[in-house]
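Peer 1: A structural model of the following input is requested.
(one chain, ligands or ions: 2)
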Amino acid sequence: MTCLTLGFVLASQDAGASGVDQATRKLYKRPSGIPFPKDNAHSSARESLGKTLFFDPRLSGSNWLSCATCHNPGLDWTDGLPRALGVGMKPLPRRTPTLLNLAWSELMLWDGRSHSLESQSLEPLASESEMNMPPENLVAKLRKIPGYGALFEAAYPEEGLSIATVTKALATFERTIVSGTAPFDRWIQGEEKALTPAAVRGFALFNGKALCSRCHSGWRLTDDSFHDIGLPDADLGRGAILPDVEILQHAFKTPTLRNVDRRAPYMHDGSIATLVDVIEFYDQGGKARRLSQAEDVRPLGLTSQEKADLLSFLKTLTSADKSVVLPILPR
Ligand code: HEC
Ligand code: HEC
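Peer 2: Ligands and ions are numbered 1, 2, ... in the order given. Reported below is the predicted structural model:
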């Protein structure tokens, strides 16, 4: 491989054989630990209570829907559906996003309308089309399950069982949902053979000609920001919250690309079936071409070899994660 096709990423002289310089690689380095907020520090009692609640269908009015029904660990914490199914198997307006790596995310949901993991869970719990469980009913219901008392006591001895501690425990568990080490991470750490030459070329394209890293940046491959990438549906996304900001109309949160080849179908509306189709979509510069569309989504002129290289790279972001052990629910 010469530097001819990779020239656009060569900002410094230490690019070496891979064509990607050390400064670029450094931007993708994984952090060493998970951040927890001061007012909801981690403890194993909190994590295990949160996990128990997450998998407990009694958190729903009907007793059959748990958080894990839609955020299924076997499907990378999503449901494999174009749109989530709620009460009565009715499709919800948007696709279920993965819960991977949210400890580092500031705004939650596709449109960022929720400001923390703690506050987010109130929404699916209370929503009549989802778990249909208003906070008062939930606390009363959990109090009647004797086994929960001791779990709350161990996790939040000063606070006890309340809606605040339910959401804090859920958030603690969610922060521990982190994608494992993928071939890409080993390569970032210097193991040159961890990626094939095609994947390395794909990574160079990702940071260069294909413009992907303008939004999918850092080790989680997201800027945590909101963009209209030109999907033609009518959902205003963040624009419904901030109607005066042109570039936020039809804008949605940039998803992490960790384990992305295991999380089809794609996008907030589940409208793109495969990664090959996603790459095709970006190569064409999006579909809707509205005033709000991000500048960095524009026709790319990728060759079929370049598209294949990009796909090879995306597949290196998948980690072989350990199986999740289901909790025994208190009775
Ligand atoms: C019926 C399916 C369903 C259930 C049940 C459900 N969710 Fe979700 N979840 C979704 C959908 C759909 C979205 C995206 C909604 C949106 O952005 O408007 C979402 C979004 C989220 C997000 C935001 C992720 C991000 O990237 O910002 C979190 C966190 C979350 N859910 C946690 C939970 C928790 C905790 C529970 C249980 C209390 C739960 N969910 C129950 C379908 C579900
Ligand atoms: C202008 C910012 C931007 C650029 C440039 C961009 N993306 Fe995205 N990407 C996003 C946003 C925002 C979404 C979610 C859009 C939605 O659902 O409405 C997304 C969604 C995706 C998804 C679907 C993930 C999922 O879980 O549904 C994939 C895969 C993806 N992008 C890959 C790429 C690749 C590959 C490139 C380069 C060819 C690229 N993106 C360029 C912002 C961007």
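
Peer 1: Distance of Glu47 relative to Ser179?
Peer 2: When distance is defined by CB to CB, to the nearest Å, Glu47 is 17 Å away from Ser179. Quick note: C-beta positions are derived from backbone N, CA and C, even for glycine.

Peer 1: Among these two, which residue is more densely surrounded?
Peer 2: Applying other CB atoms under 10 Å to Glu47 and Ser179 shows that Ser179 carries more neighbours, namely 21 against 18.

Peer 1: Skip the chain neighbours and tell me the closest residue to that one.
Peer 2: Residue nearest to Ser179 in three dimensions, not counting chain neighbours: Arg258, with 4.0 Å by CB to CB, 6 or more residues apart in numbering.

Peer 1: hang on, isn't that neighbour packed against Leu221?
Peer 2: Yes - at 6.6 Å, Arg258 and Leu221 qualify as touching, with contact defined as CB atoms under 8 Å.

Peer 1: Find the residues that touch each one of the two.
Peer 2: Residues touching both Arg258 and Leu221 (CB atoms under 8 Å, 6 or more residues apart in numbering): Leu317.

Peer 1: neighbours around the closest residue to Ser225 other than its chain neighbours, how many?
Peer 2: Sequence neighbours aside, Thr254 is the residue nearest to Ser225 in space, at 6.0 Å (criterion: CB to CB, 6+ apart). Thr254 is surrounded by 19 other residues when neighbours are defined as other CB under 10 Å.

Peer 1: Give me the neighbour count for Ser121.
Peer 2: 26.

Peer 1: residues in contact with it?
Peer 2: By CB under 8 Å, 6+ apart, the residues touching Ser121 are 67, 166-167, 170-171.

Peer 1: and which of these is nearest to ligand 1?
Peer 2: Cys67 (2.8 Å; CB to the nearest ligand atom).

Peer 1: The nearest residue to that closest one once chain neighbours are set aside: what's it in contact with?
Peer 2: For Cys67, the nearest residue in space outside its immediate sequence neighbours is Phe54; the separation is 4.6 Å by CB to CB, 6+ apart. Residues near Phe54 by CB under 8 Å, 6+ apart: 66-68, 71, 170, 173-174.

Peer 1: ChimeraX command for the buried members of those?
Peer 2: Here is the ChimeraX command that selects the buried residues among these (16 or more other CB atoms under 10 Å):
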select :66,67,68,71,170,173,174
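
Peer 1: For the contacts of Phe54, could you give me JSON lines that also reports pLDDT, distance to Ser217 and secondary structure?
Peer 2: Below are these laid out as JSON lines (pLDDT from 0 to 100; distance: CB to CB, whole Å; DSSP: H, G, I helix; E, B strand; the rest coil):
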{"residue": "Ser66", "pLDDT": "97", "distance to Ser217": "33", "secondary structure": "coil"}
{"residue": "Cys67", "pLDDT": "98", "distance to Ser217": "29", "secondary structure": "helix"}
{"residue": "Ala68", "pLDDT": "98", "distance to Ser217": "30", "secondary structure": "helix"}
{"residue": "His71", "pLDDT": "98", "distance to Ser217": "25", "secondary structure": "coil"}
{"residue": "Leu170", "pLDDT": "98", "distance to Ser217": "28", "secondary structure": "helix"}
{"residue": "Phe173", "pLDDT": "98", "distance to Ser217": "27", "secondary structure": "helix"}
{"residue": "Glu174", "pLDDT": "98", "distance to Ser217": "23", "secondary structure": "helix"}
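
Peer 1: The contacts of Phe54 also near ligand 1: which ones?
Peer 2: Restricting these to those near ligand 1 by CB under 6 Å from any ligand atom leaves 67, 71, 170, 174.

Peer 1: how far away is the last one from Gly74?
Peer 2: Read that as Glu174. Separation of Glu174 from Gly74 (CB to CB) stands at 17 Å.

Peer 1: about what we covered before: what separates the residue nearest to Ser179 from Gly218, distance-wise?
Peer 2: Where Gly218 is concerned, Arg258 sits at a distance of 11 Å (CB to CB).

Peer 1: Around the nearest residue to Gln284 once chain neighbours are set aside, how many other residues sit close by?
Peer 2: The spatial neighbour of Gln284 that comes closest, neighbours along the chain excluded (CB to CB, 6+ apart), is Pro299 at 6.2 Å. By the measure other CB under 10 Å, the count of residues near Pro299 is 10.

Peer 1: Model confidence for Pro299, exactly?
Peer 2: pLDDT, the model's per-residue confidence, is 98 for Pro299.

Peer 1: which SS class is it?
Peer 2: Secondary structure of Pro299, reduced to three states by DSSP: H, G, I helix; E, B strand; the rest coil: coil.

Peer 1: Ligand 2 contacts on this structure?
Peer 2: Along the chain, the residues adjacent to ligand 2 under the rule CB under 6 Å from any ligand atom are 210-212, 214-216, 227, 229, 231, 252, 254-255, 257, 260, 263, 266-268, 275, 278-279, 282, 294, 296-297, 310.

Peer 1: Got the phi and psi for His227?
Peer 2: According to degrees, to the nearest 10, the main-chain angles of His227 amount to phi -140, psi 150.

Peer 1: got the contact list for the residue nearest to Gln284?
Peer 2: Pro299 makes contacts with 283-285, as judged by CB under 8 Å, 6+ apart.
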